[in-house]
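Asks: Give the three-dimensional model of this entry:
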Amino acid sequence: LTDSHLVLEYDDGDGFVEGEKESRRKSDLSGHELKDHDEVQLMNEALRPKAMRWNISETSHIYLRRYRLRDSALELFFIPSAGAMSGGSAFFAGSRSLFIDFGAGSWGNTRRDDAAHAIMKRSPMQAVKQWPDRSGQFLHDELKKFTHAWSHGAISNFDYLMGLNCLAGRSFNDICQYPVMPWVLSNYSSEEVPDLTDVSNFRDLSKPIGALNEKR
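Replies: As a prediction, the model looks like this:
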């Protein structure tokens with residue numbers, strides 16, 4: 001971390017990224033097929049950048065994140081998300097966002113918080129920042145902003161739901177915590193777009209999903 005840039009570097013490895021070794025052990029590939037598979041992985045590693053850098057002055061949103069049920073990760077969004085409430089278009093674009101995990105245990109949590117403080121101090125004043133020591137109050141205030149904007153028609157239903165996902169720690173950068181949407185429709189058999197003015201096309205929101213009908 002410099003005064004102006006965040007730089008990530010990694011050493012040459014064996015061609016595998018997280019999770020690939022485990023899937024390799026569980027695969028049904030034969031010895032020859034595994035050898036070919038490993039050669040492809042090594043070729044892929046050779047094409048991966050050995051260092052990546054981001055301009056801290058382009059940081060627009062910084063959030064604390066959980067990874068594998070541990071409070072040890074950080075997610076940053078960069079311009080063109082500036083001015084948006086939850087990350088804007090960068091929420092969907094991996095090239096405009098960065099998700100970093102600092103490892104397991106209390107050490108990972110401490111490293112994450114230290115990194116968050118250092119990056120937030122260098123990022124623009126107007127950037128949205130979830131400071132570690134004020135995280136609870138931050139989430140409360142941001143939720144209040146989202147709800148107020150949505151209830152007054154300033155943001156769409158979709159943007160409101162994406163904002164809730166973002167504040168809940170969900171991210172397109174973590175497949176285990178992918179954003180979710182509520183199930184509100186009941187008509188999935190129509191060949192045409194359902195009539196959204198017809199109440200019968202919506203599920204009964206007064207009941208939980210498990211009590212909608214006898215089948216469930």
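Asks: Tell me where this structure has helices.
Replies: 20-26, 31-47, 105-122, 135-151, 157-167 (DSSP state H).
Asks: Check those for me and report the most buried one.
Replies: helix 157-167 (a mean of 18; mean count of other C-beta atoms under 10 Å). From N, CA and C alone the C-beta is placed, and that goes for glycine too.
Asks: returning to what we had before: could you dump the helices of the chain to JSON lines with mean pLDDT and distance to Leu185?
Replies: Shown next, in JSON lines, are those (pLDDT from 0 to 100; distance: least, C-beta to C-beta, whole Å):
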{"stretch": "helix 20-26", "mean pLDDT": "56", "distance to Leu185": "35"}
{"stretch": "helix 31-47", "mean pLDDT": "68", "distance to Leu185": "40"}
{"stretch": "helix 105-122", "mean pLDDT": "96", "distance to Leu185": "39"}
{"stretch": "helix 135-151", "mean pLDDT": "95", "distance to Leu185": "20"}
{"stretch": "helix 157-167", "mean pLDDT": "93", "distance to Leu185": "13"}
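Asks: From what I see, Val7 and Ile56 are in contact.
Replies: No: using C-beta atoms under 8 Å, Val7 is not in contact with Ile56; the gap is 10.4 Å.
Asks: For His117, give its distance to Ile79.
Replies: His117 is 22 Å from Ile79, where distance means C-beta to C-beta, to the nearest Å.
Asks: brain fart, His61
Replies: On the measure of C-beta to C-beta, His61 and Ile79 end up 10 Å apart.
Asks: Ok, Arg65 next?
Replies: 20 Å.
Asks: Mind checking which of the two has more residues around it?
Replies: Arg65 (20 against 16; other C-beta atoms under 10 Å).
Asks: pLDDT score for the closest residue to that one other than its chain neighbours?
Replies: Take Arg65 and drop its neighbours on the chain: the residue closest to it by C-beta to C-beta, 6 or more residues apart in numbering is Ala73, 3.9 Å away. In this model, Ala73 is scored at 96, pLDDT.
Asks: so what's Ala73 up against?
Replies: Taking C-beta atoms under 8 Å, 6 or more residues apart in numbering, we find Ala73 in contact with Leu64, Arg65, Arg66, Tyr67, Phe99, Ile100, Asp101, Phe102, Arg112, Asp174.
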